[in-house]
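Colleague: Here is the input, now give the coordinates:
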Amino acid sequence: MAAKLGTHSGSPRRRSDLDDLDVTHEINVTPFIDVMLVLLIIFMVAAPLATVDIGVDLPATAAEPAPRPDKPVFVTVKPDLSVAVGEDVVAREVLSTSLDAATKGRKDERIYLRADKAVSYGDLMEVMNTLRNAGYLKVALVGLDGRS
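Modeller: Purely as a prediction, here's the structure:
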């Protein structure tokens, strides 16, 4: 709360003038601005520290394996980027027809996709896009069992 002291020019001050202080109803925002600037500086310093680049090694897993069907359909991407359905190596252009033959035309059957560790993420995504374009939307990724 702030008070305004009145100055009387030309007339002598009386004691009653000093007791009647005017009250101003203005908010002093200076402390608020100071606190906001300190918080801004803290966030500006802390933001670059929050981003961390971490190397990721994805193939091993410790999750419990899901029950397998009697005859699962495996699509394998080999290190030389060749694609195999089951044990048969097929060209990427005929992958959808090979899958139709392996699943007997059932598009809702789960396809198990496995890839070598050396296969890049982009190449794996190309095969997944081919599976999606062929109508196979249930794709499960297969990894090594990391439990000991």
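
Colleague: What is the distance between stretch 32-41 and the centre of its chain?
Modeller: Offset of stretch 32-41 from its chain centre (Cα atoms, centre = their mean, to the nearest Å): 30 Å.

Colleague: Stretch 27-44 now?
Modeller: Distance, centroid of stretch 27-44 to centroid of chain: 31 Å (Cα atoms, centre = their mean).

Colleague: Then stretch 24-39?
Modeller: Distance, centroid of stretch 24-39 to centroid of chain: 37 Å (Cα atoms, centre = their mean).

Colleague: what ranges do the helices span in this structure?
Modeller: With DSSP state H, the ranges of helices along the chain come out as 15-19, 30-50, 95-103, 121-133.

Colleague: Can you say which of those helices is nearest to Ala140?
Modeller: With Cβ to Cβ, the closest approach to Ala140 among those belongs to helix 121-133: 11.0 Å. C-beta: built from backbone N, CA, C; applies to glycine.
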